[in-house]
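[1] Following is a predicted model, sequence given first.
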Amino acid sequence: MPRPAIKKDLLQQSQENFNRLIGLVDAFPPSAQEAPFPEGTLNRNIRDVLAHLHHWHLLFLDWYEVGMDARKPIMPAPGYTWKTLPELNRAIWNQYQYTPLQEVKLLLHASFQKLRSIIERHSDEELFEKKRYPWTGSTSLGAYLVSATSSHYDWAYKLIRRCKNTSPP
């Protein structure tokens, strides 16, 4: 499916990919949802993957709040650069190690709704015009939202399917 380039498509694709991901997770019995993935991935189970998505929602929400207040957000996070994403992702992983899966699911749903509300309150032009906001640099607000939602959910879906050696439900 092509990357969304208008608000309607971004809303639709983010919701569809989110629903597909949650549907995949919910299709597993509770014990399988908690079971570890095979060795070789940073995210060792479904909780880790969903926590990763939630935390990246939070990062975006912070960038948005700071950026829309005409300030420059620290991206991707204080103490990290785009070149040190593996270290940031490991810190995110560490942060959620004692958070139960059910709590992570609730957090993810709540942060997803916050991103959807941001999409809903912007026009096509506000979302997809490049360089419209100084804080988004040479890209668009919509490009950040695609990365934080539909594209990221697709990555998570594929990772869980691969690690669980399953075809989609």
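    Structure's in. What do you need?
[2] CA atoms for contacts and neighbours, from now on please.
    OK.
[3] Number of residues surrounding Ser117?
    12 (other CA atoms under 10 Å).
[4] following the lowest-mean-pLDDT helix or strand in the chain, which helix or strand shows up next?
    None of the helices or strands of the chain scores lower by mean pLDDT, DSSP states H and E than helix 30-34, at a mean of 92. Using DSSP states H and E, the helix or strand that follows helix 30-34 towards the C-terminus is helix 46-68.
[5] helices and strands around that following helix, which ones?
    helix 30-34, helix 85-95, helix 101-120, helix 141-148, helix 150-163 (3 or more CA pairs under 8 Å, 6 or more residues apart in numbering; DSSP states H and E).
[6] how about 7 Å then?
    Secondary-structure packing of helix 46-68 (3 or more CA pairs under 7 Å, 6 or more residues apart in numbering; DSSP states H and E): helix 85-95, helix 101-120.
[7] Now the ones you listed in JSON lines, please, with extra columns for mean pLDDT and distance to His57.
    Below are the helices and strands packed on helix 46-68 laid out as JSON lines (pLDDT from 0 to 100; distance: least, CA to CA, whole Å):
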{"stretch": "helix 85-95", "mean pLDDT": "97", "distance to His57": "12"}
{"stretch": "helix 101-120", "mean pLDDT": "98", "distance to His57": "6"}
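[8] Take the ones you listed and write them to JSON lines, including distance to Arg161.
    Formatted as JSON lines, those follow (distance: least, CA to CA, whole Å):
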{"stretch": "helix 85-95", "distance to Arg161": "19"}
{"stretch": "helix 101-120", "distance to Arg161": "17"}
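[9] Could you say which of the ones you listed is packed most deeply?
    Of all those, helix 101-120 carries the top mean neighbour count, a mean of 16, counting by mean count of other CA atoms under 10 Å.
[10] Give me the contact list for that one.
    47, 50-51, 54, 57-58 (CA atoms under 7 Å, 6 or more residues apart in numbering).
[11] just to revisit the earlier point, among the helices and strands packed on helix 46-68, which is nearest Ala77?
    Checking the helices and strands packed on helix 46-68 against Ala77 by CA to CA gives helix 85-95 as the closest, at 7.8 Å.
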